[in-house]
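A.B. asks: Next one to model:
(4 chains)
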Number of protein chains: 2
Amino acid sequence: MTNETHIQVIDRMVSLLESLAKHQHASLKTLAAETDLHSSTAFRILASLHHHDWVARDSNGAYQLGSGLMRYASQAEQQLDLREIALPIMTALRDQTGETVNLTLRENDEVVYIERVTSTRLMRVEQVIGSRAPLHVTAVGKLMLGEDAAAACLSYAKRTQLPAYTTNTITDPEKLCTSAEHARTQAYAFDNEEAELGVGCIGVLIRDTSGKAVAGLSISAPRERRKDEWVSALQQAGAQISEKLGYFHPAS
Amino acid sequence: MTNETHIQVIDRMVSLLESLAKHQHASLKTLAAETDLHSSTAFRILASLHHHDWVARDSNGAYQLGSGLMRYASQAEQQLDLREIALPIMTALRDQTGETVNLTLRENDEVVYIERVTSTRLMRVEQVIGSRAPLHVTAVGKLMLGEDAAAACLSYAKRTQLPAYTTNTITDPEKLCTSAEHARTQAYAFDNEEAELGVGCIGVLIRDTSGKAVAGLSISAPRERRKDEWVSALQQAGAQISEKLGYFHPAS
DNA sequence: AAAATTGATTTCACAATGTGAAATGATATA
DNA sequence: TATATCATTTCACATTGTGAAATCAATTTT
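C.D. replies: Prediction:
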C-alpha cells in the first residue's frame, strides 16, 4: 500500500544501526535477534558497513558504531543547527527591514542559498533555496573571498574568468581582490546590482567557535529601497548567530 | 581478490552520501552523475534513505544530509572521544598502581567494559572488552545506581532480583540502595569480592560538560593487594578525564 | 501560446543480487 | 576430551534491485 520506494537492504541496515546505537558492543547474535534478521544476513550487512567504517569492531569482535558515520553527521548537525539558530534572528531582521534575508553557505566557488525569509512587499527579491551564485557577484561571496589570502582570490579570478552578470559585475581581478580585502576590513559588503540589475544586497559573515566563517547572512532588496542603516542591524544579527554558534567577538 | 563481503546497494548508498556531504543541496542529476549511477537507481536509493530521514529534501526538491544521521553521530563521537582521552590517563594510573584499569559505560542494567589497560603482574584481573556485569556487583555500577533516585534503585533491585555472584554480593534491596547512596556521597565505591571471590575493585564516575555521569573508571586487583591510597589516585584520574570532557568540578 | 528541452519520477521485464539454510570454523564451557 | 555456542563461509535459488524506456512536471525557447 505504501507507494513509497523501499529498499530491503537499506531498511535492514538502518534497523541494525539503530540497534547498535542502543547497545554498545553488541554481539552479532544480539543484533540479529533484535532486528529479526538471519545471522548470516546481519553478518553480511554489518561486514559491508564495516568496510565503510560505519561500524567498528572491538578486540572482542563485538560491533559498535564506527567513525565513518561521524563524518556525515557532524556536517548534518552543523547545518541543521545553523538553520535552527538563524531562522528566528533572520525573521526579526526581515520584520525590521521589510526585505528578504538570506542564509548562504560557501561551496567551492559558489554560494548556496540554504535558508531565507522573504520580504512581505509586493516587489521583492526572492532567491530559490538551493540555488547558487558565483562568489564575485554577491556581497557574501566577496567577504568569503576576503577570508582567503590574496593569492587565493586571484586564483579564483583566473579559474572562473569572472563572468559578468550585469554591467556592474566586477570583472577585473585586481579590483575584485581589493574589494574583497576592503570587505574584510569593514566586516560587511555591498552588492551593487552586480548579480542582477535593480537588486542591491548587504552581506556579513557568520563564524563558529573556531572563528572560521561558516555561512553568510544577507539582505536583498530593490536597489533604491536599500538603506545604509541596515548595515549595523545586519551586523548585529550576524553577530547574534555567530555567538550562538560559540564564536566570541574579539575586542569590541 | 578482496574476499570481503560487498553489498552493492550499500556501497552505492555510501557513495551517494559521500557526494551529498560534498555538495549541499545537490540535484538528483548531479548526484547520479558523480556516483556513476543511473538516475533511477540513485533516485530509489535516495528515496529509501529519505524514509529514514538520512537525507532531507528542501523546498526545491534538492537533496541534503538529513537529521536521522545525527542520532548516531553524537553517540559514536562521544565514545571515540572518551576512549582517546581516557587511554593515556588510564595507562598512567596502571603504571602508578601496577593493576588493571577499566573504562566502562552503563547500558541499561549493566556496565559494559569498553577499554582497559592491564596489569603487568603475573596474577592479575582481566576483563574482556565488551563483556558485561550487572550494576550491583561492581563498584562503578553501584555509583551509577546512586546517580538515580532511590526509587530507581529499588526498581532495579526488583527487576533483576539481584542475583548473587559470590557470597559477598549484596542481595538485599535496602542494603544496595544505602550502599549506592553512600557511594554517591563519597564519590567512589569499593567492590569487595562481590563479583568474583578474590577480586577487589575501586570505582569512580566520569562526567561530561553537562555533569551527567557518562562512564566509569575502575581499578581491579586481587583483593589483598588493593591499597586504600589508590582511591585518591583514581579520583584524580577520573577528574582529569571528566575535565577533558568539559566537566567543571563544583567547588574544590 | 505552442514546442522543445531538461530533469524528476514511475513502470516493468529481467537477471543480477542479496537471501537463508546448512556446513564449517573458532572459542568457550562442561 | 566432548559439547555447546556463536561467528563466518558456502551455495543454490528466488527475490530484489536494476536500468531502459515511458511518463510527468517544470522551464526555456521559438
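A.B. asks: need the contact list for the residue lying closest to A:His6 once chain neighbours are set aside.
C.D. replies: By the measure of C-beta to C-beta, 6 or more residues apart in numbering or on different chains, the closest residue to A:His6 outside its immediate chain neighbours is B:Ser48, 6.1 Å from it. Any C-beta I mention is one placed from the backbone N, CA and C, and that applies to glycine too. By C-beta atoms under 8 Å, 6 or more residues apart in numbering or on different chains, B:Ser48 lies in contact with A:5-7, A:10-11.
A.B. asks: Distance check, B:Ser48 against B:Arg159.
C.D. replies: Going from B:Ser48 to B:Arg159 by C-beta to C-beta, to the nearest Å gives 38 Å.
A.B. asks: go on, A:Ala47?
C.D. replies: Going from A:Ala47 to B:Arg159 by C-beta to C-beta gives 35 Å.
A.B. asks: got it, and A:Lys227?
C.D. replies: 66 Å.
A.B. asks: ok so, going back, of A:Ala47 and B:Arg159, who's got more company?
C.D. replies: Neighbour totals were compared for A:Ala47 and B:Arg159, and A:Ala47 leads with 16 against 10 (other C-beta atoms under 10 Å in any protein chain shown).
A.B. asks: pLDDT wise, what is that one at?
C.D. replies: Model confidence at A:Ala47, given as pLDDT, is 89.
A.B. asks: Doesn't it lie inside a helix?
C.D. replies: Yes: counting by DSSP: H, G, I helix; E, B strand; the rest coil, A:Ala47 is found in a helix.
A.B. asks: pLDDT weak spots in the stretch 101-250 of chain A?
C.D. replies: A:250 (pLDDT under 70).
A.B. asks: Residues of it that sit close to chain B?
C.D. replies: Applying C-beta under 8 Å from any C-beta of the partner chain, we find that the stretch 101-250 of chain A lies next to chain B at A:105, A:107, A:112, A:114, A:128-131.
A.B. asks: which of those residues count as buried?
C.D. replies: A:105, A:112, A:114, A:129-130 (16 or more other C-beta atoms under 10 Å in any protein chain shown).
A.B. asks: what helix or strand is the residue in the stretch 101-250 of chain A positioned nearest to DNA strand D on?
C.D. replies: For the stretch 101-250 of chain A and DNA strand D, the shortest gap (C-beta to the nearest atom of the strand) falls at A:Val128, measuring 7.9 Å. According to DSSP states H and E, A:Val128 maps onto no helix or strand at all.
A.B. asks: Who are the contact partners of it?
C.D. replies: Contacts here follow C-beta under 8 Å, 6+ apart; on that basis A:Val128 touches A:113, B:60.
A.B. asks: do A:Ile10 as well
C.D. replies: If a contact means C-beta under 8 Å, 6+ apart, then A:Ile10 has B:9-10, B:13, B:45, B:48-49, B:52 as its contacts.
A.B. asks: A:Val214 too?
C.D. replies: A:78, A:82, A:105, A:206-208, A:245 are the contacts of A:Val214 under C-beta under 8 Å, 6+ apart.
A.B. asks: Got phi/psi on it?
C.D. replies: Main-chain torsions, A:Val214, degrees, to the nearest 10: phi -110, psi -20.
A.B. asks: A:Thr41 is in contact with A:Arg12, isn't it?
C.D. replies: Yes: between A:Thr41 and A:Arg12 a contact is recorded at 7.1 Å, counting by C-beta atoms under 8 Å.
A.B. asks: Who has more neighbours out of those two?
C.D. replies: Taking other C-beta under 10 Å, A:Thr41 and A:Arg12 do not tie; A:Arg12 has more neighbours (19 against 14).
A.B. asks: The contacts of A:Ile10 into a markdown table, with extra columns for distance to DNA strand C?
C.D. replies: Shown next, in a markdown table, are the contacts of A:Ile10 (distance: C-beta to the nearest atom of the strand, whole Å):
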| residue | distance to DNA strand C |
| --- | --- |
| B:Val9 | 4 |
| B:Ile10 | 7 |
| B:Met13 | 10 |
| B:Ile45 | 11 |
| B:Ser48 | 11 |
| B:Leu49 | 12 |
| B:His52 | 15 |
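A.B. asks: Of these, just say which sits nearest to B:Thr138.
C.D. replies: Set against B:Thr138, the nearest of the contacts of A:Ile10 by C-beta to C-beta is B:His52 (36.3 Å).
A.B. asks: where does the closest one land on pLDDT?
C.D. replies: 87.
A.B. asks: and it, how many neighbours?
C.D. replies: 18.
A.B. asks: now the residue of the stretch 101-250 of chain A closest to DNA strand D: how far from DNA strand C?
C.D. replies: Here A:Val128 is placed at a distance of 13 Å from DNA strand C (C-beta to the nearest atom of the strand, to the nearest Å).
A.B. asks: ditto for A:Asp36
C.D. replies: 9 Å.
A.B. asks: Could you pull up the contacting residues of that residue?
C.D. replies: A:Asp36 neighbours (C-beta under 8 Å, 6+ apart): none.
A.B. asks: for it, phi and psi?
C.D. replies: Residue torsions, per degrees, to the nearest 10, at A:Asp36 are phi 60, psi 40.
A.B. asks: what do you get for A:His51?
C.D. replies: Note on A:His51: backbone dihedrals following degrees, to the nearest 10 are phi -60, psi -40.
A.B. asks: correct me, but it touches A:Gly68?
C.D. replies: No: when contacts are counted by C-beta under 8 Å, A:His51 is not listed as touching A:Gly68 (9.1 Å).
A.B. asks: Next up, the contacts around A:Ser131.
C.D. replies: A:Ser131 touches A:112-113, B:60, counting by C-beta under 8 Å, 6+ apart.
A.B. asks: got those residues as JSON lines, with secondary structure and distance to B:Ala189 columns?
C.D. replies: As requested, these are exported to JSON lines (DSSP: H, G, I helix; E, B strand; the rest coil; distance: C-beta to C-beta, whole Å):
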{"residue": "A:Val112", "secondary structure": "strand", "distance to B:Ala189": "53"}
{"residue": "A:Tyr113", "secondary structure": "strand", "distance to B:Ala189": "55"}
{"residue": "B:Asn60", "secondary structure": "coil", "distance to B:Ala189": "56"}
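A.B. asks: now, which of the residues you listed sits nearest DNA strand C?
C.D. replies: Lowest distance from DNA strand C to these (C-beta to the nearest atom of the strand) belongs to B:Asn60, with 9.3 Å.
A.B. asks: quick one: that closest one and chain A, what's the gap?
C.D. replies: 4 Å (C-beta to the nearest C-beta, to the nearest Å).
A.B. asks: And for that residue, the neighbour number?
C.D. replies: The number of residues packed near B:Asn60 is 13, by other C-beta under 10 Å.
A.B. asks: What ranges does the stretch 101-250 of chain A have for its strands?
C.D. replies: Applying DSSP state E, counting those that start in this stretch to the stretch 101-250 of chain A gives strands spanning A:110-117, A:132-134, A:189-192, A:199-207, A:213-222.
A.B. asks: With distance to A:Asn168 added, can I get the ones you listed in CSV?
C.D. replies: Converted to CSV, the strands of the stretch 101-250 of chain A look like this (distance: least, C-beta to C-beta, whole Å):
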stretch, distance to A:Asn168
strand A:110-117, 18
strand A:132-134, 14
strand A:189-192, 6
strand A:199-207, 10
strand A:213-222, 15
